[in-house]
Structure formats: structure tokens, C-alpha cells
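Enquirer: Structure for this input, please:
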Amino acid sequence: MIDHIGVPVRDLEKSVAFYTKALAPLGYVLIMKFDGQAAGFGVGGKPDFWLGVDKDVKQAVHVAFRANGRAQVREFYTAAIEAGAKDNGAPGVRPQYHEHYYGAFVHDPDGHNIEAVCHEPFLG
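Expert: Numbers count the residues shown, from 1 in each chain. Sure thing, here's the model as predicted:
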């Protein structure tokens, strides 16, 4: 089980503003911030998604957040685009992964591939 993950960002304030909006539909909120160096987001009081300043981000990472249903995936995508993300795959079924895989992908301000996904079948 993963306890937390850290993602390097060039501009902490810009990234905090982006993730505050983009992750809100998934229930994530900013929980901790350390003097311009790091910020932690989470659900239920414990940060599990961390941003850390790295002025020379060399490689983008992929992080997928579990969504509670397809509507939440769509809400994430809309919020992320409105917050300045670049589209990297609109909400939809990805049968190449499995028949019920429903995800949306965006690039954050540093080019990281951020996804919201649900695995439940469509119920109508």
C-alpha cells in the first residue's frame, strides 16, 4: 500500500493553485504547506499527494487518482482544464486497459500526466 507520493514542481504557488481547483471534485484539499518548499493535499486530514519545489524538473510523472464514478472523472477533467491544464485525453472508456476503465488525462503546469479514473461498470 502506498502511503504518499511526491511530485516535483517548478512554481509551488502556481501548482498549489492548480491542484486546489483540479482535485476539488475528488475531495482533495490542501492540508499542509511548508515555507515555499512543499505542499500536501489529501482527503480526510492526511496528506498523501505532495508537491515539492524542484526548479529543474527533468521528467514528467504520471499520477492517477481514483474517482467515485464517471461523473467525478468528468468533473475533475473540467476543473483541471479550467485551472489551466492541457488536455491529454478527454473523459472516456479506455477498453485497452479493461472494459470498465473510465478515465481522463491532463498535463499539469509542469507537464505531469494527471489522471482521474474509475473502474466500475456504467449503470445507466
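Enquirer: list the helices and strands whichever strand or helix holds residue 16 packs on?
Expert: Residue 16 belongs to helix 12-22 when assigned by DSSP states H and E. Using 3 or more Cβ pairs under 8 Å, 6 or more residues apart in numbering; DSSP states H and E as the contact test, the elements touching helix 12-22 are strand 29-34, strand 38-43, strand 46-53, helix 70-82. Placement of C-beta: from N, CA and C, glycine included.
Enquirer: tell me what the first one is packed against?
Expert: When contacts are defined as 3+ Cβ pairs under 8 Å, 6+ apart, strand 29-34 packs onto helix 12-22, strand 38-43, strand 46-53.
Enquirer: In the sheet, which strands lie alongside it, parallel or antiparallel?
Expert: Its sheet considered, strand 29-34 pairs with strand 38-43 (antiparallel) by DSSP bridges.
Enquirer: ok and the strand it pairs with relative to strand 46-53, angle-wise?
Expert: 150 degrees (axes from the mean of the first three to the mean of the last three Cα atoms, to 10 degrees).
Enquirer: Identify each buried residue in stretch 9-18, please.
Expert: Judged by neighbour count (16 or more other Cβ atoms under 10 Å), stretch 9-18 contains these buried residues: 9, 12, 15-16, 18.
Enquirer: about what we covered before: output the helices and strands packed on helix 12-22 in JSON lines, with mean pLDDT, mean neighbour count and distance to residue 123 appended to each entry.
Expert: Output for the helices and strands packed on helix 12-22, formatted as JSON lines (pLDDT from 0 to 100; neighbours: other Cβ atoms under 10 Å; distance: least, Cβ to Cβ, whole Å):
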{"stretch": "strand 29-34", "mean pLDDT": "97", "mean neighbour count": "14", "distance to residue 123": "28"}
{"stretch": "strand 38-43", "mean pLDDT": "98", "mean neighbour count": "19", "distance to residue 123": "24"}
{"stretch": "strand 46-53", "mean pLDDT": "98", "mean neighbour count": "18", "distance to residue 123": "28"}
{"stretch": "helix 70-82", "mean pLDDT": "98", "mean neighbour count": "20", "distance to residue 123": "9"}
